[in-house]
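Q: Sequence and computational prediction follow.
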Number of protein chains: 2
Amino acid sequence: MTIPHSVRAILAFDVGGTDTKAGLVLSAAPGEIPEIRDIQRFPTALDAEQPGEVLVEFLAGLVDRYTAAHPEFAVDAIGVSVPGLVDEQQGIGIYAANLGWRDYPFKASLQERLARPVAFGHDVGVAGDAEVALGAGQGAENAMILVVGTGIAAALYVDGRRLRAAGYAGEVGHAMAPAPGGGLKIMEATGSAGAITRRYAAASTGFIGGAREVLERAQHGDALAAGIWSEAIAALAFSIAQAVAMIGVSKVVIGGGLAESGAALFEPLAAEIDKLLTFQPRPSLIKASLGQDAGLIGSALNAQALLAQQDESLSVSTDNGEGLEAIL
Amino acid sequence: MTIPHSVRAILAFDVGGTDTKAGLVLSAAPGEIPEIRDIQRFPTALDAEQPGEVLVEFLAGLVDRYTAAHPEFAVDAIGVSVPGLVDEQQGIGIYAANLGWRDYPFKASLQERLARPVAFGHDVGVAGDAEVALGAGQGAENAMILVVGTGIAAALYVDGRRLRAAGYAGEVGHAMAPAPGGGLKIMEATGSAGAITRRYAAASTGFIGGAREVLERAQHGDALAAGIWSEAIAALAFSIAQAVAMIGVSKVVIGGGLAESGAALFEPLAAEIDKLLTFQPRPSLIKASLGQDAGLIGSALNAQALLAQQDESLSVSTDNGEGLEAIL
């Protein structure tokens, strides 16, 4: 199969504390899930002294590598997502526990280094954008995209817009929830896949496995496993019910490892949420549909939107009604 | 003092379950708190069969009364706020416990009956709009305007916009919070002025007074009163901390009767909120500054914005660059 030179693509990077995933996201018709080519993982370049600068150089190296390996694609823009606290409007990585930066101006640095427009976003935020644009949250005006893995974070949408608050919106894993045995703890200390594994392992010496294995034991009569599973669901239900009552979320899309648990997660979760609401309509609970690539897709969508914006302002500034078509 | 005929004003109504407050809000320069003339209270017209229709007729009667009594004012538009669940975008009163309507199209009915543009809003929402535009929340991008009275509701602002979610955003009084003695209850069952009074009266036969008197007793060594006061503050702190952690609120403006308690409220509240947050910046806590008239002012601001919008679209549709000035 030969691909015509000049197929347009976005090079997208999903930077994690251990690995960085990269892929060429091909431009697709509006509403269609884009194809991603040559998805690869690379160990994220870490540096205690200059974490921001080193990451920028690392990404620049990957851009060179991808553009050299794929001369058939015209890479118009770059999409990058990172974990932690991210101020997307300012293009700043505020803080990321495992990566070390503090208030690093990624968007500006990357645009200068890569000489291309860069969409810079929060990993869970851009994955949420993809689910709302093309996945399980499609068309939702008031939605919570809840990613339950080692930790927990959410992308929150109200009135059709993702809430940002300079990077502080959506950190639901760090909101307080009733803790097993009384008192309050941050929600992800009970509700995350990481917490399920850790709590079970702490009480059951010799256990090797993850949240999936804890669920299996619970389903085979292990009372300790069943208790920890139920407590995780109660914590997740608390957080979802808060989002419903406080900001009127009506659709909850659950992603991350725990979402693979199916009915063992969704059924008791719906029942627990129901108990915590009064007059509010019950939210629909749906499994995320774009899987592990939601981050790359979301970054690419945001990079595409950035290009469209630039084309539009170019079109306006040249005062030429056909500017947009001419450029595209 | 004579007022030139043609002083422009908005007639604003703050409809409550018992009384409706009315006033002529004079147009003011941007950023200035407008003067309100002839503030009066009228018993709200209630009707079990036709609550919406009867309220519209009641407001129409008040409009006639005000315009007849004040021929010196040109009433360009009407601002109306109601309690309960309100879909402001659709102009619908979804539900209000004491008033009886269900999905009544107030905005359309009022505009037809009054032959004027009508801004229709939620009482706490429009009071919040006034505080953010001209009061204690001025300029805040991420703010919670928390009105603590008989019940509790909030207007929530993220990224400079009030969250609506078709009327369901901001009902923080009905979100769950840890209850005194264990378990969970809706937050206003512990944190409201109404709850403070009710809980103290239930445990102290013969008590007559309100939350202020409970606070006075607490300050004079009454342990029961002190406990109930502290529990109310813990409930409010929980709700505020959830808003900080979930949506990144950084400024909290407290209004309603309880806000008059001063340091006895604000100091322990800040201390409790601090305990419930981890990495998040602590929100500033400020007393609402527009007082009981915030609702009338907010309704008037929204009516003015509606007029400006209509003028703008008129200006565009007549393709006349001076349209806006010509109309104003």
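A: Thanks, I have the structure now. Residues are numbered from 1 along each chain as shown, chains lettered A, B, ... in the order given.
Q: Going by proximity to chain B, name the top residue of the stretch 201-328 of chain A.
A: Residue of the stretch 201-328 of chain A nearest chain B, by C-beta to the nearest C-beta: residue A:248 (2.6 Å). C-beta here means a position set from N, CA and C on the backbone, and glycine is covered the same way.
Q: Tell me the backbone dihedrals of that residue, please.
A: Backbone torsions for residue A:248, taken as degrees, to the nearest 10, come to phi 80, psi 30.
Q: Run through the residues that contact it.
A: Residue A:248 sits next to A:142, A:158, A:280, B:163-171 when contact means C-beta atoms under 8 Å, 6 or more residues apart in numbering or on different chains.
Q: Can you pull the residues of the stretch 51-200 of chain A lying near chain B?
A: A:85, A:95, A:141-142, A:156, A:158-159, A:161, A:163-172, A:174-176, A:178, A:182, A:184, A:186 (C-beta under 8 Å from any C-beta of the partner chain).
Q: Cross those residues against strands and list the overlap.
A: The strands, defined by DSSP state E, take in A:85, A:95, A:156, A:158, A:161, A:176, A:178, A:184, A:186 from these.
Q: I'd like to know how many residues surround the fifth one.
A: Same thing as residue A:161. For residue A:161, the tally of surrounding residues (other C-beta atoms under 10 Å in any protein chain shown) stands at 13.
Q: swap in the third one?
A: Residue A:156 is surrounded by 29 other residues when neighbours are defined as other C-beta under 10 Å.
Q: and it, what pLDDT?
A: The model reports residue A:156 with a pLDDT of 98.
Q: That one: what's it in contact with?
A: A:143-145, A:162-163, A:169-170, A:243, A:247, A:249, B:246-247.
Q: at 10 Å what do you get?
A: If you count contacts by C-beta atoms under 10 Å, 6 or more residues apart in numbering or on different chains, residue A:156 has them with A:125, A:128, A:142-146, A:162-165, A:169-172, A:243, A:246-247, A:249, B:158, B:163, B:246-248.
Q: bridging residues for it?
A: Using DSSP bridges, the bridge partners assigned to residue A:156 are residue A:144.
Q: Same check on the second one?
A: The bridge-partner assignment for residue A:95, based on DSSP bridges, gives residue A:85, residue A:102.
Q: If we ignore the residues flanking it in sequence, what's nearest the closest residue to chain B within the stretch 51-200 of chain A?
A: Going by C-beta to the nearest C-beta, chain B is nearest to residue A:165 of the stretch 51-200 of chain A, at 2.6 Å. Taking C-beta to C-beta, 6 or more residues apart in numbering or on different chains, and ignoring the residues beside it in sequence, residue A:165 has residue B:248 as its nearest neighbour in space, at 2.6 Å.
Q: Tell me the pLDDT of that neighbour.
A: For residue B:248, the model assigns a pLDDT of 98.
Q: hang on, the earlier thing: drop anything exposed from the residues of the stretch 51-200 of chain A next to chain B.
A: Applying a neighbour-count criterion of 16 or more other C-beta atoms under 10 Å in any protein chain shown, the buried members of these are A:85, A:95, A:141-142, A:156, A:158-159, A:163-172, A:174-176, A:178, A:184, A:186.
Q: need the next SSE after the host helix or strand of residue A:54, C-terminal direction.
A: Taking DSSP states H and E as the definition, residue A:54 sits inside helix A:51-69. Scanning forward in sequence from helix A:51-69 by DSSP H and E, the next helix or strand is strand A:73-82.
Q: what is the orientation angle of that next one with helix A:51-69?
A: The directions of strand A:73-82 and helix A:51-69 differ by 160 degrees, with axes from the mean of the first three to the mean of the last three C-alpha atoms, to 10 degrees as the criterion.
Q: Buried ones in strand A:73-82, by neighbour count?
A: Neighbour counts over strand A:73-82 (16+ other C-beta under 10 Å) mark A:73, A:75-82 as buried.
Q: Within the sheet, what are the partner strands of that strand, with directions?
A: For strand A:73-82, the paired strands and their directions (DSSP bridges) are strand A:7-15 (parallel), strand A:118-122 (parallel).
Q: Could I get the ones you listed in JSON lines, plus columns for mean pLDDT?
A: Formatted as JSON lines, the entries for the strands paired with strand A:73-82 read as follows, by pLDDT from 0 to 100:
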{"stretch": "strand A:7-15", "mean pLDDT": "94"}
{"stretch": "strand A:118-122", "mean pLDDT": "98"}
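Q: Among those, show me which one is buried the most.
A: Among the strands paired with strand A:73-82, judged by mean count of other C-beta atoms under 10 Å in any protein chain shown, the one packed with the most neighbours on average is strand A:118-122 (a mean of 28).
Q: Now residue A:120. Nearest residue, chain neighbours left out?
A: The nearest residue in space to residue A:120 (C-beta to C-beta, 6+ apart) is residue A:107, at 4.1 Å.
Q: count of residues packed around the one you found?
A: Neighbours of residue A:107 under the rule other C-beta under 10 Å: 23.
Q: As JSON lines, the strands paired with strand A:73-82 with distance to residue A:21 would be great.
A: Putting the strands paired with strand A:73-82 into JSON lines (distance: least, C-beta to C-beta, whole Å) gives the following:
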{"stretch": "strand A:7-15", "distance to residue A:21": "4"}
{"stretch": "strand A:118-122", "distance to residue A:21": "14"}
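Q: Minimum distance to residue A:101: which of these has it?
A: When the strands paired with strand A:73-82 are compared for distance to residue A:101 using C-beta to C-beta, the nearest one is strand A:7-15, at 10.8 Å.
Q: heading toward the C-terminus, what's the first helix or strand past that closest one?
A: Going down the chain from strand A:7-15, the next helix or strand is strand A:19-26, by DSSP H and E.
Q: Would you give the sheet partners of that next one, along with the direction of each?
A: Using DSSP bridges, the strands paired with strand A:19-26 are strand A:7-15 (antiparallel), strand A:36-43 (antiparallel).
Q: Just the buried positions in it, please.
A: Within strand A:19-26, the residues that count as buried by 16+ other C-beta under 10 Å are A:20-26.
Q: Looking at these, which is nearest chain B?
A: Comparing the buried residues of strand A:19-26 against chain B with C-beta to the nearest C-beta places residue A:20 closest, at 24.0 Å.
Q: check contacts around that closest one.
A: Counting by C-beta under 10 Å, 6+ apart, the residues that residue A:20 touches are A:13-14, A:40-45, A:55, A:58-59, A:62, A:80-82.
Q: rewinding a little: the buried residues of strand A:19-26 into CSV, with extra columns for pLDDT and distance to residue A:238?
A: As requested, those are arranged in CSV below (pLDDT from 0 to 100; distance: C-beta to C-beta, whole Å):
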residue, pLDDT, distance to residue A:238
A:20, 97, 33
A:21, 98, 31
A:22, 98, 37
A:23, 98, 36
A:24, 97, 41
A:25, 97, 36
A:26, 95, 41
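Q: and the residues you listed, which two are the farthest apart?
A: Greatest spatial distance in the buried residues of strand A:19-26: A:20 and A:26, 20.0 Å, computed using C-beta to C-beta.
Q: where does chain A dip in pLDDT?
A: Along chain A, the model assigns pLDDT under 70 to residues A:1-6, A:314-328.
Q: Pull up the gap between the residue nearest the centre of it and residue B:305, please.
A: For chain A, the residue whose C-alpha lies nearest the mean C-alpha position (C-alpha atoms, centre = their mean) is residue A:124; its distance is 2.1 Å. For residue A:124, the distance to residue B:305 (C-beta to C-beta, to the nearest Å) stands at 34 Å.
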